[in-house]
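[1] Sequence first, then the predicted structure, then my questions.
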Amino acid sequence: MTNGAGTVAAQRAEPRQEAPGKRRPSERARAERRLGWLLCAPAVLIMAAVTAYPILNAVVLSLQRADLRFPGNNEFVGLRNYGDVLSSNLWWQDLANTAIIMVASVAIELVIGMLLAIVMQRAIFGRGPIRAVILIPYGIITVVAALAWKYAWAADTGFVPSLLNLSSDPLTSHDSAMLVIILTEVWKTTPFMALLLLAGLALVPDELHEAARVDGASTWQRFWRITIPMMMPAILVALLFRALDAFRVFDSVFILTRGANETESVSILGYNQLITRLNLGIGSAVSVLIFICVALIAVVFLKGFGRTMRQRQV
Amino acid sequence: MRRNVRQVGFWSAANLAVFAFALIPVLWIISLSLKGPKDFSDRKFLPANPSLDNYDGIFKDSQFTHALLNSIGISLIATLIAVVLGSMAAYALARLQFGGKTLILSSALAIAMFPPIAIIGPIFNIWRNVGLYDTWPGLIIPYMTFTLPLAIYTLSAFFREIPWELEQAAQVDGATPFQAFRKVIVPLAAPGVFTTAILVFIFAWNDFLFAISLTSTDKSRTVPAALAFFTGDTQFSQPVGSIAAAAVVVTIPVIIMVLIFQRRIVAGLTAGAVKG
């Protein structure tokens, strides 16, 4: 019960105690409201200035022919940039790659993460050290993780190809390069998934398991009928966070392949257009499309999340 | 007894698997950093003739030392600002009654899910026009923005836990409001603030997209960007050893931090995320 304390605690504390002296006339309430907004203002203003304004700016730029190599030649072109992007094979190829990386890595992470969470919760010894080492991949810089995997798999420096008796460099063909990208993502981010799932596991009361065991349920049955349904909210949150994160995949692709052999992700595409080619118009159209994809994924998850929460009526 | 032996065996295997999962890539990059130029292509996991030459090399390379200083400075300043602003907002959200809380929390959540690539173009453009391109503030501003949601969520989860009545109690016992705050509230809030600072620091230390998009020289390029830059320019003579050594140098502090503050990090991560 000690870990995931934040979670349990946050839920328990939900009905906040009224601060003493709260019920005084509205003068005091108004002062409190003012102070509340004053304290939140800097954070809110910065977040709005650095995200809301640029995204609106990106929408405007995506409707223009805007190229930093020819400044001052901006011209309103309507939806033509979107037409160009959506009719190019590259966009759909990159979107497919990104979707494959997202679905495959999140699916593998869910399984490994669940196993790790169970080991962290149930191991009869060594729980402390396990919980510590599992944080190492989480703490490591993604670029460093990707470099470690790259040098391990590359034919000239790596120990993996000879270990697996590979005849060619796995990073030079599409399928195997995608696999290495996915494995790198899995290694780096499974610990985060595992910790969220561990917090969810801590919410499943032991008495339920005891009762089911007395009634003759097998370990397997208890896992599927009790553990999984009870921790569904935690699973959905973990999946949502990881899916959105995986959709933005950039660092590991950049380091492992730079998008070679058709392994480009949509974020790499956006980066290439915006920063390498300085084509703000096309690049912004890509950016806005990525933003829409992320928003759609979030909406789908939150809908599913709302449904489970309602069914559960916590 | 037999069952016990079997259990011990089972959990030993499970623990070993977890250790192998977490550590093999780390041990590999350490081993690579200890290899000499002749041994990079020997396809062996362990270095044949371990030496620290690569480390000597990178600390003499101003590209790396500059990047290291930039990384440390930028990450620390971004952490400091994000934690201060995040604490103010989290205090208000956890303790005060005012309209619009849900709005603030949900927009923070939206930003936590926001794809940075969607704003990199405009930011790049604006930064070049206002002179923030390739400067420390040019990276500090996006880092604190993208960590503020994390800071606000984690801190408000922690602040809700603090028994604020103690402050009142201390004042009743004769403490001045400032004493009550400093002697009672600060010690109670410190662990949460500290945990949040670690998480924010890890985010800033880790970032790559902003770092390669918004910098161009040693002046403000951080370590992740410098590592990629090392790799990029010469396809055939990749300084594998230097890259591996640099990677180890920037990884060690994080590993130490993570091992020492393991409990706090776990509590912070789950508090911030699951609360959403």
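    All right, it came through fine.

[2] Tell me the predicted confidence for the residue in the stretch 151-276 of chain B that chain A sits nearest to.
    Proximity of the stretch 151-276 of chain B to chain A (C-beta to the nearest C-beta) peaks at B:Ala271, 2.5 Å away. Bear in mind the C-beta positions are built from the backbone N, C-alpha and C, glycine included. Per-residue pLDDT puts B:Ala271 at 70.

[3] list the helices and strands the helix or strand harbouring it packs on?
    Per DSSP states H and E, B:Ala271 falls inside helix B:262-275. Contacts defined by 3 or more C-beta pairs under 8 Å, 6 or more residues apart in numbering or on different chains; DSSP states H and E place helix B:262-275 against helix A:5-12, helix A:127-133, helix A:135-139, helix A:174-201, helix A:232-247, helix B:136-159, helix B:186-206.

[4] That one relative to helix B:186-206, how many degrees between them?
    If you take axes from the mean of the first three to the mean of the last three C-alpha atoms, to 10 degrees, helix B:262-275 sits at 80 degrees to helix B:186-206.

[5] OK, contacts around the residue positioned nearest the centre of chain B?
    What sits nearest the mean C-alpha location of chain B, by C-alpha atoms, centre = their mean, is B:Ile202, with 0.2 Å. By C-beta atoms under 8 Å, 6 or more residues apart in numbering or on different chains, the contact list for B:Ile202 reads A:138-139, B:254.

[6] Now B:Ser41: closest residue in space, sequence neighbours ignored.
    Spatial nearest neighbour of B:Ser41, excluding adjacent residues (C-beta to C-beta, 6 or more residues apart in numbering or on different chains): A:Asp156 at 5.4 Å.

[7] okay, now the one you found: neighbour count?
    Each residue near A:Asp156 was counted by other C-beta atoms under 10 Å in any protein chain shown, and the total is 13.

[8] again, but for B:Ile260
    By other C-beta under 10 Å, the residues close to B:Ile260 number 12.

[9] Could I get the contacting residues of B:Pro115?
    Contacts of B:Pro115 (C-beta under 8 Å, 6+ apart): A:244, A:247-248, A:267, A:287, A:290-291, A:294.

[10] Looking at these, which one is closest to A:Trp37?
    Nearest to A:Trp37 among the contacts of B:Pro115 is A:Phe291, at 28.2 Å by C-beta to C-beta.

[11] Excluding residues flanking it in the chain, which one is nearest the closest one?
    In space, A:Phe291 is closest to B:Ala118, 4.2 Å off (C-beta to C-beta, 6+ apart).

[12] tell me which residues of the helix or strand hosting the one you found are tucked away?
    Counting by DSSP H and E, the element that carries B:Ala118 is helix B:117-130. Of all the residues in helix B:117-130, those buried under the rule 16 or more other C-beta atoms under 10 Å in any protein chain shown are B:117-127.

[13] what do you get for stretch A:249-267?
    For stretch A:249-267, by 16+ other C-beta under 10 Å, it's A:249-257, A:259, A:262-267.

[14] burial count for A:Thr98?
    24.

[15] pLDDT-wise, what's the bottom of the buried residues of stretch A:249-267?
    Ranked by pLDDT, these bottom out at A:Gly259, which scores 86.
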